[in-house]
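Engineer: Got a sequence here, can you model it:
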Amino acid sequence: MDSHDEVPQPTADDERPAPVAVASEQRLERRVVAYWYATHLVRALAMAAMFVVVSRSLRAEIELPAWSEYVAWGLAIAVVVSALVVPAWAYATWRFSVDDRLLSMRFGMLFVEDRRVPVPRMQHVDISRGPIERLFGLATFVVFTAGNEGSAFRLPGLSQARAEALRDGVLRARGRDVV
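Structural biologist: Predicted coordinates:
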């Protein structure tokens, strides 16, 4: 080993904290795409039906022009098409990493959000699983911080075991509140 290959050892006078291994970026579970398709399509079909029904009833009551129904159908189709495109696109953009100091999340399609939450600012952590999430075997890791705006950070699309491991890792990193 050459002298330039050696790693300098910290001295007693060295007050710098030990470096923390930065966790690599991780992806959500792949099955979150199917979950998002299911939930987005149900909402989109309900909205599409509402557009068409409201347009037809208003057209009959207050004599809207004939083109108003075409606009309603156009909106209905646009909502359904977006429900078919958004889940895969959202999955492709979601990234996160967690280490003993920081939770980082990057997501978004048109407006990209890059959030970083220091572990000491975390008030508490939860895992939530709605009925449809349970059907797909998924969970959402939720972190609450002090403050009003953006005080809850949600990390969706994780397996139950992965969400529990994240929660336990954050609690260990905090060094307290471990039950």
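Engineer: what is the mean pLDDT for the longest helix along the chain?
Structural biologist: Using DSSP state H, we find that the single longest helix of the chain is helix 32-62. Averaging pLDDT along helix 32-62 yields 90.
Engineer: List the buried residues for it?
Structural biologist: For helix 32-62, burial by neighbour count (16 or more other CB atoms under 10 Å) applies to 32-33, 35-36, 39-40, 44, 48, 51, 55. C-beta here means a position set from N, CA and C on the backbone, and glycine is covered the same way.
Engineer: With stretch 162-172 instead?
Structural biologist: In stretch 162-172, counting by 16+ other CB under 10 Å, buried: 162-163, 166-167, 169-171.
Engineer: same deal with stretch 143-159?
Structural biologist: Quick answer for stretch 143-159 (16+ other CB under 10 Å): 143, 145, 153, 155-159.
Engineer: what's the span of that stretch, first residue to last?
Structural biologist: Stretch 143-159 has an end-to-end distance of 16 Å (CA to CA, to the nearest Å).
Engineer: outside of it, which residues touch it?
Structural biologist: With contact meaning CB atoms under 8 Å, 6 or more residues apart in numbering, stretch 143-159 is reached by 28-29, 31-32, 35, 91, 94, 96, 103, 105, 115, 117, 121-126, 137-142, 163, 166, 170.
Engineer: what's the answer for stretch 124-132, then?
Structural biologist: Residues contacting stretch 124-132 (CB under 8 Å, 6+ apart): 35, 38-39, 138-144, 160, 163-164, 166-167, 170-171, 177.
Engineer: taking those residues one by one, which sit in strands?
Structural biologist: Among the contacts of stretch 124-132, the members found in strands (DSSP state E) are 139-144.
Engineer: Give me the distance between residue 51 and residue 80.
Structural biologist: 10 Å (CB to CB, to the nearest Å).
Engineer: before we move on, back to that, could you check the angle the longest helix of the chain makes with strand 139-145?
Structural biologist: Relative orientation of helix 32-62 versus strand 139-145 (axes from the mean of the first three to the mean of the last three CA atoms, to 10 degrees): 80 degrees.
Engineer: For the next helix or strand after helix 32-62, buried residues please.
Structural biologist: With elements assigned by DSSP states H and E, the helix or strand that comes after helix 32-62 is helix 67-93. By neighbour count, and taking 16+ other CB under 10 Å as the criterion, the buried residues in helix 67-93 are 69, 72, 75-76, 79, 83, 87, 90-91.
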